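*Asks:* return atomic coordinates for the entry below.
(one chain, ligands or ions: 1)
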Amino acid sequence: MKKSTLRRIWIYMGKYKINLIGVLICSFFSNTLLIFAPLLTGKAIDKIIGPSNVDFSGLIPLISILLALYLTSSLFQWFMSILSNVAASHITKDIRKDAFDHLNTLPLKFFDQTAHGDIISKLTNDIDAISEGLFQGITQVLSAAIIITGCFGFMLAINPFITMIVLIITPLCFFIASFIAKQSKKMFSNQSKTVGELNGYVEEMIGNQKVVKAFGYENRSLEAFKKMNEELYHWGQKAQWYSSLTNPTTRLINNTAYVAVTVIGGLLAIAGHLSVGNIASFLTYSNQFAKPINEITSLSSQIQSAFASAERVFALIDEESEAKVLESAKEINNPRGSVEFKKVSFSYRPDVPLIKELDLSVKPTNMIAIVGPTGSGKTTLVNLIMRFYDVNSGNIIIDGDSIYNVTRESLRQSIGMVLQESWLFKGTVAENVAYGKPEATRNEIINAAKESMAHSFIKRLPKGYDTEITEDGGNLSQGQKQLLTITRVMLTNPSILILDEATSNIDTRTEIKIQKAFSKMMEGRTSFVIAHRLSTIREADVILVLKDGDIIEKGNHEELLKKKGFYYTMYHSQFAE
Ligand SMILES: Nc1ncnc2c1ncn2[C@@H]1O[C@H](COP(=O)(O)OP(=O)(O)OP(=O)(O)O)[C@@H](O)[C@H]1O
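*Replies:* Sure, this is the predicted structure:
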């Protein structure tokens, strides 16, 4: 357990000090009251002296006190769980908020390099494990400490000799329980690893059902699933076999102690050293004393796993945010759209240089097409303009301002992006269109849709602009989804456009319609268009041909064809197809 993890958990918990103090007080009273109960029960038993010989005047007050004691203890128990649950939910909420807030400040690099499932599991399971583990852990440790000390004290007071017997037998239980726990832990961890694999496999198969069916993969998929399921069964069985040993073994030892206490207690009673009531009290104390000791193993693993989860969540919160903007950073508003790259160098990994001292000057309202083989750095160029990644050296200037001297928000608001994947979320058509401008009026939305030629298909949807779209736009065609994302960009009215393979998922007939929407959108705006289909970028003012991160050819369509270089070969190879 790292000290810093403890300190940070304490900072979160410290905000709910009052609840914590309340939990401590309630736990103290609830457990202390309970510890007195067996003593009183013993005394009550001793009031029943024999047939027709019951000391009612002593017995009735004892029973009344016992009832009051149990009632008060239960009330304290109830208050304790309310206080601890309230604090636990607040802490979960606070940590989750901090983690999610921080997630929004992380650079794209982080999301590119981290498994998304892992991030989700940190935000959900791990955060739950922290609060559950810690609060249950703390309250149980506290109760255990009070119960063990109290019971030990009372047992000692009743009879030190029998207390020694209990003291010898109970740790034996503890060692056996922890040995079994160690063995079963291995099996449980294999089991959860297999569960993880199985979940991943099922998710992949469900997500890619089309591909599974298209390639007739069903039977092979079933085979692979069967194998994993068998493995899961195997580990599950073993884990259960070991863990199911704990209870019977510890019970057996505890019961042996119970019998020993009863027999020795009986003998001592006959010798006149103990009363029957004393034996009854002692038996209850020895039981209560053993219980928390037996639970220490599971309690410690619960607390350890809460700490492990806390470390994972704090590691996420400690991930380095996007570089801070300068204090002097200004807002960029409606730029005219001139873009300049000055000796820009960039690489994703220090040992693999990608873009080397690239110079480029783009005039406002120009259409720049970026073409080149796969992996040549086309998307990287637009990543740099959007500041998804920062250059290693050099500068990018928009309308005379370095993009590093303006706020990221205003820079990104000035640029509209349409990607190959048209991302839509669960909500109405209108809500999806207004994603970048939530305050847009219905008229503005309709006008944008008319401009992007999406209006006619939206009108025909069952509820028009109020039609609910399922997650990922499953109930729309690929072309319709793309028209919606174009409308979304239209509505934000950016000065600069980036279209990254925006029509590559669309059939050629729909593409013509979408091309028209694009042409309309590009009017009066600087645009960067990445396209594999060269027929779509013939009209570009400048075509940049990229190869291994360098611009190897630059010019308009005719100029580049005349050159008979790389573009010429690419263009003709596409038409030969
Ligand atoms: N997040 C990343 N981390 C590390 N390397 C990356 C990352 N993204 C891209 N690369 C690498 O950088 C190079 C350029 O990638 P980029 O996506 O810019 O190519 P592209 O020309 O857009 O390719 P495509 O036409 O296939 O989309 C490739 O070699 C790629 O493997």
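
*Asks:* I'd like the next helix or strand past the host helix or strand of Ser221.
*Replies:* Assessed by DSSP states H and E, Ser221 sits inside helix 218-270. Per DSSP H and E, the first helix or strand lying C-terminal to helix 218-270 is helix 276-318.

*Asks:* now look at the next helix or strand after that following helix and say if it contacts the ligand.
*Replies:* Next along the chain after helix 276-318, taking DSSP H and E as the criterion, comes strand 339-346. No: using C-beta under 6 Å from any ligand atom, strand 339-346 never reaches the ligand; the gap is at least 9.5 Å. Bear in mind the C-beta positions are built from the backbone N, C-alpha and C, glycine included.

*Asks:* now do strand 339-346: distance to the chain's middle.
*Replies:* How far strand 339-346 lies from its chain's middle: 37 Å, per C-alpha atoms, centre = their mean, to the nearest Å.

*Asks:* just the pLDDT for the nearest residue to Ile397 once chain neighbours are set aside.
*Replies:* In space, and not counting its chain neighbours, Ile397 is closest to Glu340: 4.3 Å by C-beta to C-beta, 6 or more residues apart in numbering. Model confidence at Glu340, expressed as pLDDT, equals 91.

*Asks:* ok, what's across the strand from Glu340?
*Replies:* Ser361, Ile397 (DSSP bridges).

*Asks:* state the distance from it to Ala269.
*Replies:* 99 Å (C-beta to C-beta, to the nearest Å).

*Asks:* ok, Ala310 touching Arg8?
*Replies:* Yes: shown here, Ala310 and Arg8 form a contact pair, counting by C-beta atoms under 8 Å, at 7.4 Å.

*Asks:* get me the contact residues on this structure for the ligand.
*Replies:* Residues of the chain lying near the ligand (C-beta under 6 Å from any ligand atom): Asp112, Tyr348, Arg349, Leu354, Gly372, Thr374, Gly375, Ser376, Gly377, Lys378, Thr379, Thr380.

*Asks:* could you rerun that using 8 Å?
*Replies:* Applying C-beta under 8 Å from any ligand atom, we find that the chain lies next to the ligand at 108-109, 112-113, 348-349, 352, 354, 372-381, 383, 389, 500-501, 530, 532, 546, 549.

*Asks:* and the buried ones among those residues, selectable in PyMOL?
*Replies:* Typed into PyMOL, the line below selects the buried ones among the residues of the chain next to the ligand, using 16 or more other C-beta atoms under 10 Å:
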select buried, resi 109+354+372+376+377+378+379+380+381+383+389+500+501+530+532+546+549
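
*Asks:* follow-up on the earlier one: neighbour-wise, which of Ala310 and Arg8 wins?
*Replies:* Using other C-beta atoms under 10 Å, the more surrounded residue of Ala310 and Arg8 is Ala310, with 25 against 18.

*Asks:* residues in contact with the more buried one?
*Replies:* Thr5, Arg8, Ile9, Asp126, Ile130 (C-beta atoms under 8 Å, 6 or more residues apart in numbering).

*Asks:* what's the neighbour count on Val382?
*Replies:* Val382 has 19 neighbours, counted by other C-beta under 10 Å.

*Asks:* kindly calculate the angle that the helix or strand where it lies makes with strand 339-346.
*Replies:* Per DSSP H and E, Val382 falls inside helix 378-385. If you take axes from the mean of the first three to the mean of the last three C-alpha atoms, to 10 degrees, helix 378-385 sits at 110 degrees to strand 339-346.

*Asks:* then helix 378-385 to CSV, C-alphas only?
*Replies:* Below are the C-alpha coordinates for helix 378-385, written out as CSV (Å, rounded to 0.1, in the frame of the first residue of the first chain):
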residue,chain,number,x,y,z
LYS,A,378,-2.4,12.4,-44.0
THR,A,379,-4.5,12.1,-40.9
THR,A,380,-1.5,13.1,-38.8
LEU,A,381,-1.4,16.5,-40.6
VAL,A,382,-5.0,17.2,-39.6
ASN,A,383,-4.3,15.9,-36.1
LEU,A,384,-1.7,18.6,-35.8
ILE,A,385,-4.0,21.4,-37.0
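
*Asks:* packing partners of that helix?
*Replies:* strand 339-346, strand 355-362, strand 367-371, strand 496-500, strand 526-530 (3 or more C-beta pairs under 8 Å, 6 or more residues apart in numbering; DSSP states H and E).

*Asks:* again, only using 7 Å
*Replies:* If contacts are counted by 3 or more C-beta pairs under 7 Å, 6 or more residues apart in numbering; DSSP states H and E, helix 378-385 sits against strand 339-346, strand 496-500, strand 526-530.

*Asks:* burial count for Phe528?
*Replies:* 24.

*Asks:* tell me the contacts of it?
*Replies:* Phe528 makes contacts with Ile368, Ile370, Val382, Ile498, as judged by C-beta atoms under 7 Å, 6 or more residues apart in numbering.

*Asks:* let's see it at 10 Å
*Replies:* Residues counted as contacts of Phe528 (C-beta atoms under 10 Å, 6 or more residues apart in numbering) are 339, 362, 366-370, 378, 381-382, 385, 415, 417, 496-500, 540, 544.

*Asks:* narrow the residues you listed to those that are buried.
*Replies:* Looks like the contacts of Phe528 have 339, 362, 366-370, 378, 381-382, 385, 415, 417, 496-500, 540, 544 buried, using 16+ other C-beta under 10 Å.

*Asks:* hmm, back to that, which of the contacts of Ala310 has the largest number of neighbours?
*Replies:* Neighbour-wise, the contacts of Ala310 (other C-beta under 10 Å) top out at Ile130, 27 neighbours.

*Asks:* which SSE is that one in?
*Replies:* Applying DSSP H and E, one finds Ile130 within helix 127-158.

*Asks:* going on from that helix, what's the next piece of helix or strand?
*Replies:* helix 160-207.

*Asks:* mean confidence for the next helix or strand after that next one?
*Replies:* Using DSSP H and E, the helix or strand that follows helix 160-207 towards the C-terminus is helix 209-214. The predicted model assigns helix 209-214 a mean pLDDT of 74.

*Asks:* same question for stretch 535-548.
*Replies:* 86.

*Asks:* for the stretch 151-300 of the chain, give me the ranges with low pLDDT.
*Replies:* Per-residue confidence of the stretch 151-300 of the chain (counting by pLDDT under 70) places the weak regions at 210, 297.

*Asks:* no wait, the stretch 301-450 of the chain
*Replies:* In the stretch 301-450 of the chain, no residues with pLDDT under 70.

*Asks:* residue contacts, the residue in the stretch 1-150 of the chain positioned nearest to the ligand?
*Replies:* Proximity to the ligand, evaluated over the stretch 1-150 of the chain using C-beta to the nearest ligand atom, is greatest for Asp112 at 3.7 Å. By C-beta under 10 Å, 6+ apart, the residues touching Asp112 are Tyr348, Asn383, Phe388, Tyr389.
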